[in-house]
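Novice: with the sequence up front, the predicted model follows.
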Amino acid sequence: MRAIGANPWIWSSPVDDAALAALVPRLAEWGFDAVELPIEQVGDWDPARTSDLLVAHGLRAAGVCAVTPPGRDLVCTDDATVASTRAYLRACVDAAAAVGAPCVGGPVYAAVGRTWRMTPPERQACYRDFREGLAPVAEHAGELGVTIGVEALNRYETSVVNTMEQTVELIEGLPANVGIMLDTYHMNIEERDPYAAVAVAGPFVKHVQVSGTDRGAPGNDHLDWPRFLAALDKAGYTGALCIESFTAENETIATAASIWRPLAETQDRLALDGLAYLRSVMFEA
(Lines give C-alpha, C1' and ligand atoms only; values in the text may rest on other atoms or scores of the structure.)
Protein backbone atom coordinates (compact mmCIF):
# COMPACT_ATOMS: atom_id res chain seq x y z
CA MET A 1 0.00 0.00 0.00
CA ARG A 2 1.24 3.50 -0.83
CA ALA A 3 2.89 5.37 2.07
CA ILE A 4 0.97 8.26 3.62
CA GLY A 5 2.72 11.17 5.28
CA ALA A 6 1.76 14.38 7.05
CA ASN A 7 3.28 17.84 7.05
CA PRO A 8 3.76 19.35 10.54
CA TRP A 9 2.42 22.63 9.14
CA ILE A 10 -0.97 21.15 9.94
CA TRP A 11 -0.17 22.06 13.54
CA SER A 12 2.82 24.38 13.70
CA SER A 13 4.97 27.00 11.98
CA PRO A 14 7.87 27.23 11.94
CA VAL A 15 8.61 23.52 12.10
CA ASP A 16 11.56 23.26 14.42
CA ASP A 17 13.21 20.61 16.59
CA ALA A 18 10.72 21.11 19.41
CA ALA A 19 7.73 20.80 17.09
CA LEU A 20 9.09 17.63 15.53
CA ALA A 21 9.92 16.10 18.92
CA ALA A 22 6.30 16.58 19.92
CA LEU A 23 4.64 15.57 16.64
CA VAL A 24 6.68 12.66 15.28
CA PRO A 25 5.73 10.21 18.08
CA ARG A 26 2.06 11.09 17.62
CA LEU A 27 2.21 10.61 13.85
CA ALA A 28 3.78 7.20 14.35
CA GLU A 29 1.18 6.22 16.94
CA TRP A 30 -1.64 7.23 14.61
CA GLY A 31 -0.30 5.05 11.80
CA PHE A 32 1.35 7.49 9.42
CA ASP A 33 4.27 6.14 7.43
CA ALA A 34 6.19 9.32 6.73
CA VAL A 35 6.72 12.99 7.52
CA GLU A 36 7.11 15.89 5.10
CA LEU A 37 9.66 18.39 6.42
CA PRO A 38 9.41 22.10 5.56
CA ILE A 39 12.40 24.41 5.91
CA GLU A 40 11.30 28.00 6.36
CA GLN A 41 14.75 29.08 7.50
CA VAL A 42 17.91 26.99 7.31
CA GLY A 43 18.60 25.60 10.77
CA ASP A 44 14.99 25.45 11.96
CA TRP A 45 15.55 21.74 12.58
CA ASP A 46 18.73 19.72 12.86
CA PRO A 47 19.00 17.02 10.16
CA ALA A 48 20.98 14.55 12.28
CA ARG A 49 18.61 14.89 15.23
CA THR A 50 15.59 14.63 12.96
CA SER A 51 16.95 11.53 11.24
CA ASP A 52 17.44 9.83 14.62
CA LEU A 53 13.94 10.86 15.70
CA LEU A 54 12.33 9.40 12.59
CA VAL A 55 14.27 6.15 12.87
CA ALA A 56 13.33 5.82 16.55
CA HIS A 57 9.65 5.96 15.64
CA GLY A 58 9.72 3.92 12.46
CA LEU A 59 8.90 6.81 10.12
CA ARG A 60 10.68 8.05 7.03
CA ALA A 61 11.17 11.48 5.53
CA ALA A 62 8.92 11.63 2.47
CA GLY A 63 10.32 14.92 1.27
CA VAL A 64 11.64 18.34 2.20
CA CYS A 65 9.49 21.39 1.40
CA ALA A 66 11.31 24.43 0.09
CA VAL A 67 9.66 27.67 1.19
CA THR A 68 9.84 30.82 -0.93
CA PRO A 69 8.88 33.99 0.95
CA PRO A 70 9.60 37.42 -0.54
CA GLY A 71 13.22 37.61 -1.61
CA ARG A 72 13.64 33.98 -2.67
CA ASP A 73 13.56 34.08 -6.46
CA LEU A 74 15.39 32.53 -9.38
CA VAL A 75 13.56 34.46 -12.11
CA CYS A 76 13.27 38.08 -13.15
CA THR A 77 15.45 39.31 -10.31
CA ASP A 78 19.00 40.44 -9.54
CA ASP A 79 22.12 38.29 -9.32
CA ALA A 80 22.41 38.61 -5.54
CA THR A 81 18.89 37.27 -5.03
CA VAL A 82 19.56 34.35 -7.36
CA ALA A 83 22.76 33.55 -5.45
CA SER A 84 21.07 33.63 -2.04
CA THR A 85 18.15 31.55 -3.32
CA ARG A 86 20.52 28.97 -4.74
CA ALA A 87 22.33 28.80 -1.39
CA TYR A 88 19.03 28.22 0.39
CA LEU A 89 17.98 25.49 -2.06
CA ARG A 90 21.36 23.77 -1.76
CA ALA A 91 20.86 23.74 2.02
CA CYS A 92 17.45 22.13 1.50
CA VAL A 93 19.07 19.48 -0.69
CA ASP A 94 21.74 18.83 1.95
CA ALA A 95 19.07 18.45 4.64
CA ALA A 96 17.07 16.08 2.44
CA ALA A 97 20.13 13.91 1.85
CA ALA A 98 20.92 13.88 5.57
CA VAL A 99 17.45 12.63 6.57
CA GLY A 100 17.04 10.28 3.61
CA ALA A 101 14.29 12.29 1.91
CA PRO A 102 14.16 11.53 -1.81
CA CYS A 103 12.87 14.93 -2.94
CA VAL A 104 12.99 18.66 -2.31
CA GLY A 105 9.72 20.14 -3.52
CA GLY A 106 8.12 23.54 -3.76
CA PRO A 107 7.65 26.65 -5.90
CA VAL A 108 11.39 26.97 -6.29
CA TYR A 109 11.18 29.53 -9.10
CA ALA A 110 9.77 32.60 -7.32
CA ALA A 111 8.37 33.94 -4.08
CA VAL A 112 4.82 32.88 -3.25
CA GLY A 113 2.48 35.80 -3.90
CA ARG A 114 4.74 37.40 -6.50
CA THR A 115 2.67 37.87 -9.66
CA TRP A 116 3.15 39.93 -12.81
CA ARG A 117 1.90 39.93 -16.39
CA MET A 118 4.13 38.41 -19.07
CA THR A 119 4.00 38.46 -22.84
CA PRO A 120 4.91 35.13 -24.51
CA PRO A 121 8.51 36.26 -25.16
CA GLU A 122 8.80 37.50 -21.57
CA ARG A 123 7.52 34.15 -20.30
CA GLN A 124 10.10 32.31 -22.39
CA ALA A 125 12.81 34.55 -20.93
CA CYS A 126 11.49 33.88 -17.43
CA TYR A 127 11.63 30.14 -18.02
CA ARG A 128 15.19 30.42 -19.34
CA ASP A 129 16.10 32.35 -16.17
CA PHE A 130 14.70 29.51 -14.10
CA ARG A 131 16.61 26.78 -15.91
CA GLU A 132 19.84 28.72 -15.62
CA GLY A 133 19.18 29.54 -11.99
CA LEU A 134 18.28 26.01 -10.93
CA ALA A 135 20.89 24.12 -12.93
CA PRO A 136 23.71 24.25 -10.32
CA VAL A 137 21.28 23.21 -7.58
CA ALA A 138 20.02 20.34 -9.71
CA GLU A 139 23.57 19.18 -10.33
CA HIS A 140 24.31 19.26 -6.60
CA ALA A 141 21.09 17.37 -5.86
CA GLY A 142 21.94 14.74 -8.46
CA GLU A 143 25.30 14.12 -6.83
CA LEU A 144 23.49 13.41 -3.54
CA GLY A 145 20.73 11.29 -5.05
CA VAL A 146 18.02 13.88 -4.38
CA THR A 147 15.31 14.94 -6.83
CA ILE A 148 13.70 18.37 -7.13
CA GLY A 149 9.92 18.61 -7.55
CA VAL A 150 8.77 21.91 -9.04
CA GLU A 151 5.32 22.87 -7.74
CA ALA A 152 2.76 24.77 -9.80
CA LEU A 153 0.69 27.15 -7.68
CA ASN A 154 -2.68 28.74 -8.27
CA ARG A 155 -2.99 32.03 -10.14
CA TYR A 156 -3.32 34.06 -6.93
CA GLU A 157 0.05 32.86 -5.64
CA THR A 158 2.19 32.92 -8.79
CA SER A 159 2.10 33.88 -12.45
CA VAL A 160 5.04 31.66 -13.42
CA VAL A 161 3.41 28.20 -13.61
CA ASN A 162 -0.17 27.30 -12.74
CA THR A 163 -0.70 24.07 -14.71
CA MET A 164 1.08 20.80 -15.34
CA GLU A 165 1.48 21.68 -19.01
CA GLN A 166 3.31 24.88 -18.08
CA THR A 167 5.45 23.08 -15.52
CA VAL A 168 6.55 20.47 -18.05
CA GLU A 169 7.62 23.34 -20.31
CA LEU A 170 9.40 25.09 -17.43
CA ILE A 171 11.62 22.10 -16.57
CA GLU A 172 12.39 21.14 -20.17
CA GLY A 173 16.12 20.68 -20.66
CA LEU A 174 16.96 20.31 -16.97
CA PRO A 175 18.50 17.06 -15.65
CA ALA A 176 16.25 14.04 -15.10
CA ASN A 177 16.35 14.51 -11.33
CA VAL A 178 14.26 17.68 -11.79
CA GLY A 179 10.55 16.95 -12.07
CA ILE A 180 7.18 17.96 -10.70
CA MET A 181 5.56 18.03 -7.28
CA LEU A 182 1.78 17.69 -7.55
CA ASP A 183 -0.50 19.52 -5.11
CA THR A 184 -4.18 18.64 -5.35
CA TYR A 185 -5.28 21.97 -3.86
CA HIS A 186 -3.70 24.01 -6.64
CA MET A 187 -4.70 21.48 -9.31
CA ASN A 188 -8.34 21.77 -8.26
CA ILE A 189 -8.23 25.50 -8.97
CA GLU A 190 -6.20 25.53 -12.16
CA GLU A 191 -6.68 22.27 -14.06
CA ARG A 192 -9.77 21.80 -16.21
CA ASP A 193 -9.32 18.06 -15.71
CA PRO A 194 -7.03 17.25 -12.79
CA TYR A 195 -6.97 13.56 -13.66
CA ALA A 196 -5.78 14.22 -17.21
CA ALA A 197 -3.25 16.66 -15.73
CA VAL A 198 -1.73 13.81 -13.74
CA ALA A 199 -1.11 12.02 -17.04
CA VAL A 200 0.61 15.14 -18.43
CA ALA A 201 2.86 15.31 -15.38
CA GLY A 202 3.17 11.54 -15.11
CA PRO A 203 6.72 10.85 -16.32
CA PHE A 204 8.03 13.75 -14.25
CA VAL A 205 6.23 13.33 -10.90
CA LYS A 206 8.68 13.27 -7.98
CA HIS A 207 6.38 13.96 -5.01
CA VAL A 208 2.67 14.41 -4.27
CA GLN A 209 0.94 16.64 -1.71
CA VAL A 210 -2.73 16.07 -1.00
CA SER A 211 -5.50 17.95 0.78
CA GLY A 212 -9.19 18.48 0.39
CA THR A 213 -10.27 21.02 -2.18
CA ASP A 214 -10.79 23.50 0.68
CA ARG A 215 -7.37 22.64 2.20
CA GLY A 216 -9.08 20.36 4.71
CA ALA A 217 -8.91 16.58 4.97
CA PRO A 218 -8.84 14.51 1.79
CA GLY A 219 -12.20 12.81 1.37
CA ASN A 220 -14.27 15.59 2.90
CA ASP A 221 -14.43 17.41 -0.43
CA HIS A 222 -15.47 17.02 -4.06
CA LEU A 223 -12.32 15.53 -5.60
CA ASP A 224 -12.78 12.02 -7.02
CA TRP A 225 -9.99 10.48 -4.98
CA PRO A 226 -10.24 6.92 -6.35
CA ARG A 227 -9.91 8.39 -9.86
CA PHE A 228 -6.99 10.58 -8.79
CA LEU A 229 -5.12 7.67 -7.21
CA ALA A 230 -5.82 5.51 -10.25
CA ALA A 231 -4.29 8.26 -12.42
CA LEU A 232 -1.17 8.25 -10.22
CA ASP A 233 -0.95 4.48 -10.54
CA LYS A 234 -1.27 4.70 -14.32
CA ALA A 235 1.43 7.39 -14.37
CA GLY A 236 3.74 5.03 -12.51
CA TYR A 237 4.12 7.11 -9.36
CA THR A 238 4.79 4.84 -6.37
CA GLY A 239 5.92 7.41 -3.81
CA ALA A 240 4.19 8.77 -0.75
CA LEU A 241 1.08 10.92 -0.51
CA CYS A 242 1.64 13.70 2.02
CA ILE A 243 -1.23 15.58 3.61
CA GLU A 244 -0.44 19.28 3.59
CA SER A 245 -2.66 21.77 5.37
CA PHE A 246 -2.24 24.64 7.77
CA THR A 247 -3.52 25.88 11.10
CA ALA A 248 -5.62 29.01 11.44
CA GLU A 249 -4.23 29.46 14.95
CA ASN A 250 -0.79 30.64 13.78
CA GLU A 251 -1.13 34.18 12.46
CA THR A 252 1.89 34.05 10.17
CA ILE A 253 1.05 30.81 8.43
CA ALA A 254 -2.70 31.51 8.38
CA THR A 255 -2.11 34.78 6.57
CA ALA A 256 0.41 33.28 4.15
CA ALA A 257 -1.91 30.40 3.24
CA SER A 258 -5.18 32.40 3.49
CA ILE A 259 -6.59 30.14 6.19
CA TRP A 260 -9.31 32.32 7.70
CA ARG A 261 -11.39 29.62 9.42
CA PRO A 262 -10.88 26.19 10.97
CA LEU A 263 -10.84 23.47 8.30
CA ALA A 264 -11.74 20.67 10.71
CA GLU A 265 -13.00 20.21 14.25
CA THR A 266 -9.34 20.01 15.32
CA GLN A 267 -6.03 19.80 13.49
CA ASP A 268 -5.63 16.25 14.82
CA ARG A 269 -9.00 15.39 13.31
CA LEU A 270 -7.96 16.81 9.94
CA ALA A 271 -4.91 14.55 9.84
CA LEU A 272 -6.65 11.46 11.20
CA ASP A 273 -9.67 11.77 8.92
CA GLY A 274 -7.44 12.28 5.90
CA LEU A 275 -5.33 9.26 6.82
CA ALA A 276 -8.37 7.04 7.38
CA TYR A 277 -10.00 8.09 4.14
CA LEU A 278 -6.89 7.61 1.99
CA ARG A 279 -6.28 4.20 3.55
CA SER A 280 -9.87 3.18 2.80
CA VAL A 281 -9.61 4.23 -0.85
CA MET A 282 -6.36 2.30 -1.24
CA PHE A 283 -7.83 -0.76 0.44
CA GLU A 284 -10.88 -0.73 -1.83
CA ALA A 285 -8.64 -0.42 -4.88
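Specialist: Cool, got the structure.

Novice: gap between Ile259 and Thr252?
Specialist: 11 Å (CB to CB, to the nearest Å). Glycine gets a C-beta too; all of them are placed from N, C-alpha and C.

Novice: and those two? Which one has more around it.
Specialist: When Ile259 and Thr252 are compared for neighbours, Ile259 comes out ahead with 18 against 10, by other CB atoms under 10 Å.

Novice: neighbours of Glu249, how many?
Specialist: Under the neighbour criterion other CB under 10 Å, Glu249 is assigned a count of 13.

Novice: so it, which of the three states?
Specialist: Remark: Glu249 carries the secondary structure label coil [criterion: DSSP: H, G, I helix; E, B strand; the rest coil].

Novice: and the helices in the stretch 151-285 of the chain?
Specialist: Ranges of helices within the stretch 151-285 of the chain are 164-171, 184-190, 194-201, 225-235, 251-257, 267-284, based on DSSP state H, counting those that start in this stretch.

Novice: quick one, which of those helices gets closest to Cys65.
Specialist: The closest approach between Cys65 and any of the helices of the stretch 151-285 of the chain, judged by CB to CB, belongs to helix 251-257 at 12.4 Å.

Novice: next, the buried residues of the closest one.
Specialist: Judged by neighbour count (16 or more other CB atoms under 10 Å), helix 251-257 contains these buried residues: Ile253, Ala254, Ala256, Ala257.

Novice: what is the most widely separated pair among those?
Specialist: In terms of CB to CB, the buried residues of helix 251-257 reach their longest pairwise distance at Ala254 and Ala256, which sit 7.4 Å apart.

Novice: pull the longest helix from the chain.
Specialist: Here the longest helix in the chain is taken by residue count, with DSSP state H as the criterion, and it is helix 120-143.
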